[in-house]
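J.: Generate coordinates for the sequence data below:
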Amino acid sequence: MSTPPDKKDPVAERRILTPGSNLNPRREFLRTAALFTGTVAALGGGLEVLTRRPGAGSAEAQGTDFVRPARPLGPYDTQEAVTSYQQATTYNNFYEFGTDKSDPARLAGSLKPRPWTVRIDGEVKKPQTVDIDTLQSWFPLEDRIYRMRCVEGWSMVMPWLGFPLAGLIRRLEPTGKAKYVQFTALLDTKQFPGQRSNVLDWPYVEGLRLDEALHPLAFMAVGLHGKVLPGQSGAPLRLVVPWKYGFKSIKSIVKITLTEKQPQTTWALAAPGEYGFYANVNPAVPHPRWSQATERRIGELGRRKTLPFNGYADQVAGLYAGMDLRKFF
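T.: As a prediction, this is how the structure comes out:
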């Protein structure tokens, strides 16, 4: 994520997707995930649609875009047009697969999202290792349509499926010493060929303050665009923090640790002058090598103004009362 904004991407058609279903989303998702034990197809082809089983030759079966039955927008949803599935899954930063935007989609077949366990430890009363299917069965799955802003200056609008991070943290019962939450991604050079390089210090580590993690916008995603989360998007479990730059939303999580001390996060260690711990979207503070005042929405011509906290200022600005928001966190 240390490269400057790329302005050469072709413009492709976008489609407004209205997520939701009159079926039970968790039951459908668990049915899908139970079938999802083999290699993830690089572009998501063959993935089961969460709301219904696609017929042969259908758009869903081919992994292309479709419109789900409408539901009322939730309190955290943006009304902006959604980035297409094809764009969202072929233009990715996921250095575990490689540093080129096309590497994750091209190489995601090496990732095996089942079986998968997540270790939860540190300052919690209930440390444990839990299977991913058991973990996601603890919570009713929710649709969330969030903006996503990359520190490089491009953005998307993503329809996620998952559960609030706060629910998981409260279930684990943090101790009085817990002040931060550290997330660790899978380290496996066979599944992640990009980890064979020294571009970053592996495994990838990210973190939040505990009050940030407990905010209702902080989200653990297991699905995207009504499909099981594909490998290039962080299968089988990723963090989504929509008011922060995208590199904060760690993918393919295998460990969650509550700590008393601020975690040493991957990008803050790799380039401390460019990527800090907080990484809140702030258009008034330029990256050392480019402006953050505008962004290029994938699928659009031209650029648009970047909003403070990526448009979520009303919900999250209070978390940083008294802090210098002009500082590049």
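
J.: From now on I want contacts and neighbour counts done on CA atoms only, so please keep to that.
T.: Will do.

J.: now the most centrally placed residue in the chain, which residues is it bridged with?
T.: Nearest to the mean C-alpha position of the chain, counting by CA atoms, centre = their mean, stands Val240 at 4.0 Å. Beta-bridge pairing for Val240 (DSSP bridges): Phe219.

J.: Any figure for the gap between it and Leu141?
T.: 14 Å (CA to CA, to the nearest Å).

J.: How about Val124?
T.: 24 Å.

J.: Could I get the full set of strands for the stretch 101-250 of the chain?
T.: 117-122, 128-131, 142-149, 154-164, 180-185, 205-209, 219-224, 227-228, 238-240 (DSSP state E, counting those that start in this stretch).

J.: Point out the most buried one among those.
T.: strand 219-224 (a mean of 26; mean count of other CA atoms under 10 Å).

J.: Just the angle for it relative to strand 154-164, thanks.
T.: With axes from the mean of the first three to the mean of the last three CA atoms, to 10 degrees applied, the angle from strand 219-224 to strand 154-164 works out at 100 degrees.

J.: How far off centre is strand 219-224?
T.: Here strand 219-224 shows a centroid-to-chain-centroid distance of 7 Å under the convention CA atoms, centre = their mean, to the nearest Å.

J.: Which secondary structure elements does that strand sit against?
T.: strand 154-164, strand 238-240 (3 or more CA pairs under 8 Å, 6 or more residues apart in numbering; DSSP states H and E).

J.: With mean pLDDT and distance to Thr189 as new columns, can those strands be given to me in CSV?
T.: Formatted as CSV, the helices and strands packed on strand 219-224 follow (pLDDT from 0 to 100; distance: least, CA to CA, whole Å):
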stretch, mean pLDDT, distance to Thr189
strand 154-164, 97, 27
strand 238-240, 98, 19
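
J.: would you turn the ones you listed into JSON lines with distance to Met220?
T.: Formatted as JSON lines, the helices and strands packed on strand 219-224 follow (distance: least, CA to CA, whole Å):
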{"stretch": "strand 154-164", "distance to Met220": "5"}
{"stretch": "strand 238-240", "distance to Met220": "5"}
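
J.: Which among those is found nearest to Phe183?
T.: Closest approach to Phe183 among the helices and strands packed on strand 219-224 is made by strand 238-240 (8.7 Å; CA to CA).

J.: And the contacts of the closest one?
T.: Ala218, Phe219, Met220, Ala221, Val222, Lys248, Ser249, Ile250, Lys251, Ser252, Ile253 (CA atoms under 8 Å, 6 or more residues apart in numbering).

J.: Count residues in the vicinity of Thr175, would you?
T.: 15 (other CA atoms under 10 Å).

J.: correct me, but it touches Pro127?
T.: No - with contact defined as CA atoms under 8 Å, Thr175 does not reach Pro127; the gap is 11.1 Å.

J.: Chain neighbours aside, what residue packs nearest to Pro113?
T.: Pro236 (5.4 Å; CA to CA, 6 or more residues apart in numbering).

J.: Against Pro115, how distant is the one you found?
T.: Pro236 is 10 Å from Pro115, by CA to CA.

J.: Going by how many neighbours each has, rank the two and give me the top one.
T.: Taking neighbours as other CA under 10 Å, Pro236 and Pro115 compare with Pro236 leading, 26 against 12.

J.: what pLDDT does Leu73 get?
T.: Note for Leu73: predicted pLDDT of 88.

J.: Tally up the residues packed near the nearest residue to Ala270 once chain neighbours are set aside, please.
T.: Closest residue in space to Ala270, ignoring its immediate chain neighbours: Leu200 at 6.6 Å, by CA to CA, 6+ apart. By other CA under 10 Å, the residues close to Leu200 number 17.

J.: tell me the contacts of Leu200?
T.: Contacts of Leu200 (CA under 8 Å, 6+ apart): Thr266, Trp267, Ala270.

J.: Can you list which of these are found in helices?
T.: Residues of the contacts of Leu200 located in helices (DSSP state H): Thr266, Trp267, Ala270.

J.: Much appreciated, bye for now.
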